[in-house]
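In: After the sequence you'll find the predicted model.
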Amino acid sequence: MRILITGAAGFIGAALAARLLARGDSVIGIDDLNDYYAVSLKRDRLAQVSEAGGKEFAFTFCDFADEKALNAALSDVSFDTIVHLGAQAGVRFSIDNPQAYAQSNLIGHLNMLELARHRGTRHMVYASSSSVYGGNSSTPFSVADRVDHPLSLYAATKKADELMSETYAHLYRLPLTGLRFFTVYGPWSRPDMMTWKFTRAILVGEPIPIYNNGDMYRDFTQIDDIVSGIVACLDNPPADDETTKPGGSTKPHAIYNIGNNRSEHLMRVVELLEQACGREAEKEFLPMQPGDVYKTFADIDAISDDLGYRPTTSIEQGIPDFVRWYRDYHGV
């Protein structure tokens, strides 16, 4: 199978490309290598994937939010399915940079839907986010829950992506699967993610910011488990049979949570990072930040029942693994 991956230089995109190549697929990756964080990290990820994939991996520099550039870059490229992971990420960044989210997450998603439609793509899997649940106080979060009250523009764009996808599934019978990712961590992650920021700060002796005075919970999901879920979804497009899919659609459009089905207290994660780093963190306790939510907790019954998805990596295993990778990558 030939698979197009957007955001191929990103944390999840590169890990997915490596997994697909390892099982014998061909991968076409696109990414605009923007400077939201160090481009060198993105290039290092691509180098790893390219070395593993050889001639079965092709990379094209492209901004999928630029329709003309996207169509030109892929004019002579064939593919069977799409995994659309590229986006402007980050809840807090969206408060100060709203236009970047409208361009990448709204216009960009529409461009990918149009590309999939005109190419007759068998299936497009796309990234949504657990942020769509907003301040939902009923846990665990279920794909059957109403998600009409986002707490950040980032969350609002991801909900809009789900709505646009529903329209395309209805009008064009395009098979689509949206994935609401919960907190993802692991080797090759982003520098703006909590595990990376806290590990760096602990190792250099800087204070770490503990929001809501440490009283927060997150459903941490290790990258290998996330990739397993994406692959399972990619291989099983929703049927156009008028049955109700997870998320409520009767069109060929399913929405799944991908999480660890466990909500971990923030201070437990800090404790594991301290143990792995071999030193105690200097902690700066702060109030809740705008756009943040108190607790995330994924109900994964739908994806488990439909596709057999079952995460296997606990934070007791995954956090030390990440710290080992971080120290090796930075030589510290």
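Out: Arrived safely.
In: ranges for the helices of this protein?
Out: Per DSSP state H, the chain carries helices over the ranges 11-22, 39-53, 67-73, 93-96, 98-101, 108-119, 153-172, 194-204, 223-234, 266-277, 301-307, 315-330.
In: per-stretch mean pLDDT over those helices, give me the minimum one.
Out: Ranked by mean pLDDT, the helices of the chain bottom out at helix 93-96, with a mean of 74.
In: Comparing the helices of the chain, which comes out most buried?
Out: Stretch with highest mean neighbour count among these: helix 11-22 (a mean of 23; mean count of other C-beta atoms under 10 Å). All C-beta atoms are positioned from the backbone trio N, CA, C, and that covers glycine.
In: which residues make contact with that helix from outside it?
Out: 3, 5-8, 27, 29, 31, 45-46, 48-49, 52-53, 56-57, 83, 85-86, 127, 181, 184, 186, 188-190, 193, 223-224, 226-227, 230-231 (C-beta atoms under 8 Å, 6 or more residues apart in numbering).
In: Please name the nearest non-neighbouring residue to residue 239.
Out: residue 252 (6.4 Å; C-beta to C-beta, 6 or more residues apart in numbering).
In: What's the separation between that neighbour and residue 235?
Out: To residue 235, residue 252 is 15 Å away according to C-beta to C-beta, to the nearest Å.
In: more crowded one of these two?
Out: residue 252 (22 against 12; other C-beta atoms under 10 Å).
In: and the more buried one, what is it in contact with?
Out: Per C-beta under 8 Å, 6+ apart, neighbours of residue 252: 169, 173, 174, 175, 176, 237, 238, 239, 240, 245.
In: how close does residue 300 get to residue 166?
Out: From residue 300 across to residue 166, the span is 21 Å (C-beta to C-beta).
In: Revised request: answer the last question for residue 148.
Out: 14 Å.
In: what does stretch 197-209 contact?
Out: With contact meaning C-beta under 8 Å, 6+ apart, stretch 197-209 is reached by 191, 270, 273-274, 276-277, 279, 281-284, 286, 322-323, 326-327, 332.
In: could you dump that stretch to CSV, C-alpha only?
Out: Extracted in CSV, the C-alpha atoms of stretch 197-209 (Å, rounded to 0.1, in the frame of the first residue of the first chain):
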residue,chain,number,x,y,z
LYS,A,197,10.2,20.5,29.1
PHE,A,198,10.3,19.0,32.6
THR,A,199,13.2,16.6,31.8
ARG,A,200,15.3,19.4,30.4
ALA,A,201,14.6,21.7,33.4
ILE,A,202,15.3,19.0,35.9
LEU,A,203,18.6,18.0,34.3
VAL,A,204,19.9,21.7,34.1
GLY,A,205,18.5,22.6,37.6
GLU,A,206,15.8,25.0,36.4
PRO,A,207,12.4,25.3,38.1
ILE,A,208,9.5,23.5,36.4
PRO,A,209,6.1,25.2,36.3
